[in-house]
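Engineer: just a sequence and a predicted model for now, questions to come.
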Amino acid sequence: MPIINRIADFHDDMTAWRQDFHAHPELGFEEHRTSAIVADKLREFGVDEVVTGVAQTGVIGVIRGRAAGEAIGLRADMDALPIVEETGLPYASKHAGVMHACGHDGHTTMLLGAARYLAETRNFAGTVYVIFQPAEEGGGGGEVMVKEGLFERFPMKMVFGMHNWPIMPAGVFAWRHGPVMAACSSFEITVTGKGAHAAQPHTGIDPILVAAHIVTGLQSIVARNQEPTETGVVTVGSINGGNAHNVIPETVVMTGTTRWFSPAIGDLLEAGVRRVATCTAEAFGAHAEVNYRRLYIATVNDPDATDLAAAAARTVAGEARVVPMAKPTMGAEDFSFMLAAKQGSYLMLGGGRGTGDAMVHHPKYDFNDAILPVGASYWATLAEQLLAAG
């Protein structure tokens, strides 16, 4: 896969950075060590300005080209996940219960590699803003950055993001016009019944039985309320209640998520979760309280910006290794808030090593260091093509 020679020269450096980030993961808005290293490296590379404390722990690097011109933004996320790592790698997480299970360590490293190259060469006209964002994993750091005035403080024509995708071959890029990732919510349903001895269920109201019916009923929202040609997901991810085999507990707490693309489906799913939970509980004589939070809007690519991004990817990877994404993923991404505010695009970069690779958010996942120069070269090429000097 053709990459920029200068970036290939410091592949080993990038690998060391990435593995250090991996060994020291930090959760959203707690990326103090990570952001300090990012800021120090940007200064070391000679970028024109380094702005810290954006959305608490975010960092913006300002790189000016050889002549005046327009500006673009390149964004990477920095936070990790509350997952116990099971890779057994020599650089595995040193922080118990926290792990870079989504590849943000690699995203940060690839953008640092591009910043190093762009600061050295300045082979473009205008300004490149390298955006290191905190708290993508549920904290909505991208939304916070936008609300804090990211695009007013750092005016740019377009903004671009990228995510590694281990189920695609290493070095293959995937692009898509329009929706690429879903909107999402989280919900918590607390079912309150009446505790009793397990041998005397008639004296109580069993919240576990009620919760079981709610789980089943929730699946009817997509199956029977939603237009079949639309896309929506309702998933219950946890059910917790009781701690003894012979006791009917007083309460059960369920948590889950919904996913959608169309705002109308988002409204339908929320209304459905609330209706099914409360009415099912009432039918059994119990009570259900629903805490429903909409988190991220859908990530929607601008077609023109996506064509420019795909062209840069082809320069790096070749025509055959830049492919259309057949369908969007129901995963969610808070880069969506940046794309809602500014023209831009979000591509996928394959990182698969072969059969059996762990997917992101898995305790055995590890970012593939072989694609570090590919991603960095893409960022650098995109900047040079969009802000062509002369």
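Structural biologist: Thanks, I have the structure now.

Engineer: low-scoring stretches of this protein, by residue?
Structural biologist: In the predicted model, the chain carries pLDDT under 70 at residues 1, 355, 390.

Engineer: phi first, then psi, for G103.
Structural biologist: phi 90, psi 10 (degrees, to the nearest 10).

Engineer: tell me the spacing between it and A114.
Structural biologist: 16 Å (C-beta to C-beta, to the nearest Å). Placement of C-beta: from N, CA and C, glycine included.

Engineer: can you give me the helices for the stretch 101-250 of the chain?
Structural biologist: 104-121, 141-147, 150-153, 207-220 (DSSP state H, counting those that start in this stretch).

Engineer: out of those, deepest packed?
Structural biologist: Of all the helices of the stretch 101-250 of the chain, helix 104-121 has the most neighbours on average by mean count of other C-beta atoms under 10 Å, namely a mean of 25.

Engineer: quick one: list the elements packing against that one.
Structural biologist: helix 5-9, helix 11-23, helix 32-45, strand 58-64, strand 67-77, strand 125-133, strand 158-169, helix 372-386 (3 or more C-beta pairs under 8 Å, 6 or more residues apart in numbering; DSSP states H and E).

Engineer: turn the ones you listed into JSON lines, including mean neighbour count and distance to M254.
Structural biologist: Listed next are these as JSON lines, based on neighbours: other C-beta atoms under 10 Å; distance: least, C-beta to C-beta, whole Å:
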{"stretch": "helix 5-9", "mean neighbour count": "15", "distance to M254": "48"}
{"stretch": "helix 11-23", "mean neighbour count": "19", "distance to M254": "33"}
{"stretch": "helix 32-45", "mean neighbour count": "18", "distance to M254": "34"}
{"stretch": "strand 58-64", "mean neighbour count": "24", "distance to M254": "34"}
{"stretch": "strand 67-77", "mean neighbour count": "21", "distance to M254": "29"}
{"stretch": "strand 125-133", "mean neighbour count": "25", "distance to M254": "31"}
{"stretch": "strand 158-169", "mean neighbour count": "22", "distance to M254": "29"}
{"stretch": "helix 372-386", "mean neighbour count": "25", "distance to M254": "39"}
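
Engineer: okay, those in JSON lines with distance to E333 next?
Structural biologist: Putting those into JSON lines (distance: least, C-beta to C-beta, whole Å) gives the following:
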{"stretch": "helix 5-9", "distance to E333": "25"}
{"stretch": "helix 11-23", "distance to E333": "20"}
{"stretch": "helix 32-45", "distance to E333": "19"}
{"stretch": "strand 58-64", "distance to E333": "16"}
{"stretch": "strand 67-77", "distance to E333": "9"}
{"stretch": "strand 125-133", "distance to E333": "11"}
{"stretch": "strand 158-169", "distance to E333": "7"}
{"stretch": "helix 372-386", "distance to E333": "16"}
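
Engineer: what comes up buried for the longest strand along the chain?
Structural biologist: The strand spanning the most residues in the chain, taking DSSP state E as the definition, is strand 178-192. Buried residues in strand 178-192, counted by 16 or more other C-beta atoms under 10 Å: 179-185, 187, 189-192.

Engineer: quick one: strands adjacent to that strand?
Structural biologist: With DSSP bridges as the test, strand 178-192 is paired with strand 251-260 (antiparallel), strand 287-296 (antiparallel), strand 299-301 (antiparallel), strand 329-332 (parallel).

Engineer: which stretch among these comes nearest T121?
Structural biologist: Of all these, strand 299-301 sits nearest to T121, with 28.0 Å by C-beta to C-beta.

Engineer: whichever helix or strand comes after the closest one - contacts with which helices or strands?
Structural biologist: Downstream of strand 299-301, the first helix or strand assigned by DSSP states H and E is helix 303-317. Judged by 3+ C-beta pairs under 8 Å, 6+ apart, helix 303-317 is in contact with strand 158-169, strand 173-175, strand 322-324, strand 344-352, helix 372-386.

Engineer: nearest to G61, out of the ones you listed?
Structural biologist: Nearest of these (C-beta to C-beta): helix 372-386, 12.0 Å.

Engineer: which neighbouring elements make contact with the closest one?
Structural biologist: With contacts defined as 3+ C-beta pairs under 8 Å, 6+ apart, helix 372-386 has these neighbours: helix 5-9, helix 11-23, strand 67-77, helix 104-121, strand 158-169, helix 303-317, strand 344-352.
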